[in-house]
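**Student:** sequence-free structure coming up:
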């Protein structure tokens, strides 16, 4: 019953009480835990992969880009694209929530999500993220997605990145990264997420100081990590290590 | 002659002497600078975009993933993939070089590259990166690419990420991020890059403390920024701001 277990693990995962070895491996052999959900969760799995023609694809496409390089030479580049880009011109937003206690009852933390991604056939650890609705700014979308996927309500957006490109050697997919603070009066609150039916997203609160280490632990347990989140954690970690005299 | 100019800007861009307003806009109107290169560099530009069928594509492909979700429901996901993944199982490596002076003659810095990317039809700011050759580890590839693209020789790899996924909602493209230190005896050295013919990559050294701000300036000037690099800079920036009492 790992999903229930994992959800429980993540939802109650006060950073002070759950040591790192509590990370569960994302395999779905049913445990004998005496917990019976109303509907049996199953292990998601890929059953078949078939080629997809560009003219049959609904969400993404391939294109051939004919361009002239700096030497005046005609060249070709193959690229993928999302077909869902709306009026905002931005494919997606992600949000780094800074959870903080006004009484320092817990260390500055953030919230990440665990989610099965068919493209990699694994559970992937990512920042909360999503698409921008009509009549919504990127910042509003980020705050909304945070609340839907984790239950946390951001008080203030403290930073919003320019439009940035996820994998510009391969696609034109772009996004914005929004940073927002989520203050709590005292203890770490664990509000309910507001997931749609069929959405299986598990949240987990991680102290910023432990983010880089925790992502590595996830990897060791068979989860995989989003490259953007991993870069963020590495940047945070390097700054901290430099502050402590590394690279001196 | 902006390319020559930009290359000059970037190559001689000692962080102490070039203020931020020296960033040039990446448009290629020829200036009247009295500098005549042996071959006139041109502005790269897209001239045509055509649809590409999966069976005609050489470098990337589309696939339809049939999977069973946690509710036991059969679902379909569309995904893009690179077709170049070799025996390493890793599509690419990027490297965060930590440039440091043993006498503290310049602040801890890193080196980024400016490169035209047809997929976004812009000059993109990225970490040095590349593919893994046969008989090479990810770490060796990262160090090699750093030297080819920037001239800097890493002394020691200080960190190597797990395999991380660039845009797991859209593709299975993966990579590793390697951190390496590049010590210098005193002043900032500016070694020549070792680019192949037809490679147009410009390097730029940026103090780590200024990385996040500089990436925003790039954006304002019409360049765009790789999301992974932007996340790294945000992580670094947040750690520093927290160190100074932000979010207290």
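**Tutor:** Here it is on my side, so go on. Bear in mind the structure is a predicted one, so any value in this text is a computation, not a measurement.
**Student:** Bridged to the residue most central in space within chain A, which residues?
**Tutor:** Most central in chain A under CA atoms, centre = their mean is residue A:126, positioned 1.9 Å from the mean C-alpha point. Using DSSP bridges, the beta-bridge partners of residue A:126 come out as residue A:113.
**Student:** Can you verify my assumption that it contacts residue B:168?
**Tutor:** Yes: taking contacts as CB atoms under 8 Å, residue A:126 lies within contact range of residue B:168: 7.2 Å. For every residue, glycine as well, the C-beta is placed using N, CA and C.
**Student:** residues touching residue A:80, list them.
**Tutor:** When contacts are counted by CB atoms under 8 Å, 6 or more residues apart in numbering or on different chains, residue A:80 is found next to A:60-63, A:170-173, B:60, B:62, B:80, B:170-171.
**Student:** From those, which land in helices?
**Tutor:** With helices taken from DSSP state H, there is no overlap with these.
**Student:** Scan those and report the most crowded one.
**Tutor:** Neighbour counts for those were taken using other CB atoms under 10 Å in any protein chain shown; the highest belongs to residue B:80, with 29 neighbours.
**Student:** In terms of pLDDT, where does that one sit?
**Tutor:** pLDDT, the model's per-residue confidence, is 97 for residue B:80.
**Student:** Low-confidence bits of chain A, can you list those?
**Tutor:** Applying pLDDT under 70 to chain A flags the ranges A:1-41.
**Student:** one more time with 90
**Tutor:** A:1-43, A:84, A:86-87, A:134-135, A:196-199, A:245-248 (pLDDT under 90).
**Student:** quick one, longest helix in it?
**Tutor:** Longest among the helix segments of chain A by residue count, using DSSP H, is helix A:227-243.
**Student:** excluding its backbone neighbours, what's nearest the residue of chain A most remote from its centre?
**Tutor:** Within chain A, the residue lying farthest from the chain centre (CA atoms, centre = their mean) is residue A:72, at 40.8 Å. Using CB to CB, 6 or more residues apart in numbering or on different chains and skipping residues adjacent in sequence, the residue nearest residue A:72 is residue B:42, 4.8 Å away.
**Student:** number of nearby residues for the residue of chain A found nearest chain B?
**Tutor:** Among residues of chain A, the one nearest chain B by CB to the nearest CB turns out to be residue A:235. It sits 3.0 Å away. Here the neighbour count serves as a burial measure; for residue A:235 (other CB under 10 Å) it reads 28.
**Student:** I figured it hits residue B:230, correct?
**Tutor:** No: because the distance of 9.6 Å does not satisfy CB under 8 Å, residue A:235 is recorded as not touching residue B:230.
**Student:** Phi, psi for residue A:200 please.
**Tutor:** Dihedral angles of residue A:200 (phi, psi; degrees, to the nearest 10) stand at phi -120, psi 90.
**Student:** helix, strand or coil for the residue nearest to residue A:72?
**Tutor:** Following DSSP: H, G, I helix; E, B strand; the rest coil, we place residue B:42 in the coil state.
**Student:** if I pick it, what's in contact with it?
**Tutor:** Shown here is residue B:42, whose contacts under the criterion CB under 8 Å, 6+ apart are A:68, A:69, A:70, A:71, A:72, B:28.
**Student:** if you look at those, which of them are in helices?
**Tutor:** When DSSP H defines the helices, the subset of the contacts of residue B:42 inside them is empty.
**Student:** mind listing the helices for chain A?
**Tutor:** Going by DSSP H, chain A shows helices at A:2-11, A:138-150, A:211-220, A:227-243.
**Student:** So which of those helices has the densest surroundings on average?
**Tutor:** Highest mean neighbour count among these (mean count of other CB atoms under 10 Å in any protein chain shown): helix A:227-243, with a mean of 25.
**Student:** on contacts alone, who are the packing partners of that helix?
**Tutor:** strand A:122-126, helix A:211-220, strand B:92-101, strand B:164-165, strand B:174-184, helix B:227-243 (3 or more CB pairs under 8 Å, 6 or more residues apart in numbering or on different chains; DSSP states H and E).
**Student:** Let me know which of those is the nearest to residue A:116.
**Tutor:** Judged by CB to CB, the one of the helices and strands packed on helix A:227-243 that comes nearest to residue A:116 is strand A:122-126, at 5.4 Å.
**Student:** So which elements touch the closest one?
**Tutor:** Packing contacts for strand A:122-126, counted by 3+ CB pairs under 8 Å, 6+ apart, involve strand A:109-117, strand A:224-226, helix A:227-243.
**Student:** Now tabulate those in a markdown table and tack on distance to residue A:95.
**Tutor:** As requested, the helices and strands packed on strand A:122-126 are arranged in a markdown table below (distance: least, CB to CB, whole Å):
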| stretch | distance to residue A:95 |
| --- | --- |
| strand A:109-117 | 9 |
| strand A:224-226 | 13 |
| helix A:227-243 | 11 |
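**Student:** shared neighbours, residue A:126 and residue B:168?
**Tutor:** Common neighbours of residue A:126 and residue B:168, using CB under 8 Å, 6+ apart, are residue A:226.
**Student:** hang on, isn't residue A:161 packed against residue B:234?
**Tutor:** Yes: judged on CB under 8 Å, residue A:161 makes contact with residue B:234 at a distance of 6.8 Å.
**Student:** Overlap of the contact sets of those two?
**Tutor:** With the criterion set as CB under 8 Å, 6+ apart, the overlap between the contacts of residue A:161 and residue B:234 is residue A:177.
**Student:** and residue A:128, what does it touch?
**Tutor:** Residue A:128 neighbours (CB under 8 Å, 6+ apart): A:94, A:95, A:97, A:111, A:112, A:113, A:142, A:145, A:146, A:149, A:150, A:203.
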